[in-house]
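*Asks:* I'll drop the sequence and a predicted model, then ask my questions.
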Amino acid sequence: MDSTTRIEQALAQALASADGPGCPPRLAAAMRHAVFPGGARIRPRLCLAVALACGDDRPALADAAAASIELMHCASLVHDDLPCFDDAPIRRGKPSVHAAFGERLAVLAGDALIVLAFETLARAAGASPRLAPLVGIVGRAVGMPLGISAGQAWECEPKVAVADYHLAKTGALFAGATTAGAAAAGFEAAPWRMLGEKLGEAYQVADDIRDAAADAEELGKPVARDATLGRPSAVLELGLDGAIRRLDLLVGEASASIPVCPGAGALRDLIHTEARLLLPKRLARRTDLNAETTFEVSAVSVTNGDRASSGFTIGNVSRRPKTEARPVGEPPRSPEQIKDLVGRVALKHLVRETTDVIERLYIEAALDLTKDNRAAAALMLGLSRQSLYVKLRRYGISALPAGGGV
């Protein structure tokens, strides 16, 4: 049985156990809405990949561990989308749980999924001595001081290092996935933590890149949320080029950290294959993650390895690719095609800048019409007051008189 089937069956069994007689039907529906249909299931697939690399001598327990990790992830998404955090109306291409079922049921659904994760482990492990380590691993990945709860809390702090934020927000559950996979297969968990932390940070950097460079249709959720909400972001801190280089470094470090095990080679190959899937499609067309990128376009991929025409400038930003050209397997683009592609990228950024100007004008007009009452202005603009405050800071709009505060 392939990993995807194992994961989906384990999740279906877990949700079925929560939907018994006397269960509030809308809460059960909200929980199912949060879990199915799933996204890429990266974390549970990573858990099973490690279990397989370690021999996978207890497949049912490995399946439960993978399902437990995914249930925790789904719970975190439900809470992350709430109006008090991201206020995201869409998740995985459909209405988020709070948008579909209301905020109260969304909070309860997230809480219930967290509890269900531990119940799923307990049912599969029974009296096995592997249960206690697995419960500790999952609890550490989610709670304080370094789990995803801490990662979410960093968004409420005035200042945080992006690496610390990424390690807790995403790295913790990836580390939970790798260590749970090892523990389920009877291996020592600790040596597998670094692999998970590096992959988790790599995934979060890639998520920052997707937020800045992909579109909503490709992601199945709103984009540009980091800039809108003022959240820590590798792209905002390092620039797009720097974020891609950081991603490349992290993937290499993750691959090098794989402990000695029967399936180390296959796991290493899987990591490098999956890494390319983390980037937006137009960035992932390259054969590796190493080429420098300008405004979402690799100079080498634009010219398919033609060094003579690969350097170009948009506005006042100029980049050269690394010296080694990489074959792409397509006919070289003509100068006319290159000019058209660069022009379309430049136009996209011009549109983004124009949109910012228009948005600022709308905000200033709303504040003027409401006599600087931020609560009324937020209502007029269809924003939460927190989102309005973030935009005021983003656009450098001066502080308003007392009484109109957010």
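*Replies:* Received the coordinates, thanks. Numbers count the residues shown, from 1 in each chain.

*Asks:* show me where the chain dips below the pLDDT cut-off.
*Replies:* Where the chain drops to pLDDT under 70, the residues are 215, 217-221, 280-356, 386, 398-406.

*Asks:* domain-wise, how is it divided?
*Replies:* Following automatic domain parsing, one gets these domains for the chain: 3-290, 333-406.

*Asks:* in a markdown table: those, plus mean neighbour count.
*Replies:* (Glycine included, C-beta is placed from N, CA and C.) Shown next, in a markdown table, are the domains of the chain (neighbours: other Cβ atoms under 10 Å):
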| stretch | mean neighbour count |
| --- | --- |
| domain 3-290 | 20 |
| domain 333-406 | 14 |
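
*Asks:* can you identify each of the strands in the stretch 151-300 of the chain by residue range?
*Replies:* Counting by DSSP state E, counting those that start in this stretch, one finds strands in the stretch 151-300 of the chain at the ranges 293-294, 297-298.

*Asks:* for Ala65, give me its contacts.
*Replies:* Cys47, Ala51, Leu121, Ala124, Leu134, Val138, Ala180, Gly181, Ala183, Ala184 (Cβ atoms under 8 Å, 6 or more residues apart in numbering).

*Asks:* repeat that for 10 Å
*Replies:* Ala65 sits next to 10, 44, 47-48, 50-51, 58, 117, 120-121, 124-125, 130, 134, 137-138, 176-177, 179-185 when contact means Cβ atoms under 10 Å, 6 or more residues apart in numbering.

*Asks:* okay, and which of these map to helices?
*Replies:* 10, 44, 47-48, 50-51, 117, 120-121, 124-125, 134, 137-138, 176-177, 179-184 (DSSP state H).

*Asks:* and the helix or strand where His73 lies, how far from the chain's centre?
*Replies:* His73 belongs to helix 59-80 when assigned by DSSP states H and E. Chain-centre distance of helix 59-80: 15 Å, with Cα atoms, centre = their mean, to the nearest Å.

*Asks:* listing partners with orientation, what would you give for the helix or strand just after that helix?
*Replies:* The helix or strand immediately downstream of helix 59-80 is strand 90-91, counting by DSSP H and E. Within its sheet, and counting by DSSP bridges, strand 90-91 is paired with strand 94-95 (antiparallel).

*Asks:* centre of the chain to the partner strand, how far?
*Replies:* On Cα atoms, centre = their mean, the centre of strand 94-95 falls 17 Å from the chain's centre.

*Asks:* tell me the helix or strand right after it.
*Replies:* Sequence-wise, the next helix or strand downstream of strand 94-95 (DSSP H and E) is helix 97-101.

*Asks:* tell me what that following helix is packed against?
*Replies:* If contacts are counted by 3 or more Cβ pairs under 10 Å, 6 or more residues apart in numbering; DSSP states H and E, helix 97-101 sits against helix 25-35, helix 59-80, strand 90-91, helix 103-125.

*Asks:* quick one: the second one to helix 25-35, angle?
*Replies:* Spelled out, it's helix 59-80. If you take axes from the mean of the first three to the mean of the last three Cα atoms, to 10 degrees, helix 59-80 sits at 100 degrees to helix 25-35.

*Asks:* now helix 59-80 - C-alpha only, PDB.
*Replies:* Only the C-alpha atoms of helix 59-80 are listed here, as PDB (Å, rounded to 0.1, in the frame of the first residue of the first chain):
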ATOM      1  CA  PRO A  59       3.100  -0.200  10.100                       C
ATOM      2  CA  ALA A  60      -0.200   0.400  12.000                       C
ATOM      3  CA  LEU A  61       1.600   2.500  14.600                       C
ATOM      4  CA  ALA A  62       3.500   4.400  11.900                       C
ATOM      5  CA  ASP A  63       0.200   5.200  10.200                       C
ATOM      6  CA  ALA A  64      -1.300   6.400  13.500                       C
ATOM      7  CA  ALA A  65       1.800   8.600  14.100                       C
ATOM      8  CA  ALA A  66       1.500  10.100  10.700                       C
ATOM      9  CA  ALA A  67      -2.200  10.700  11.100                       C
ATOM     10  CA  SER A  68      -1.600  12.300  14.500                       C
ATOM     11  CA  ILE A  69       0.900  14.700  13.000                       C
ATOM     12  CA  GLU A  70      -1.500  15.600  10.200                       C
ATOM     13  CA  LEU A  71      -4.400  16.100  12.700                       C
ATOM     14  CA  MET A  72      -2.200  18.500  14.700                       C
ATOM     15  CA  HIS A  73      -1.300  20.400  11.500                       C
ATOM     16  CA  CYS A  74      -5.000  20.700  10.400                       C
ATOM     17  CA  ALA A  75      -5.900  22.000  13.800                       C
ATOM     18  CA  SER A  76      -3.200  24.600  13.600                       C
ATOM     19  CA  LEU A  77      -4.500  25.700  10.200                       C
ATOM     20  CA  VAL A  78      -8.000  26.100  11.600                       C
ATOM     21  CA  HIS A  79      -6.700  28.300  14.400                       C
ATOM     22  CA  ASP A  80      -4.300  30.200  12.100                       C
END
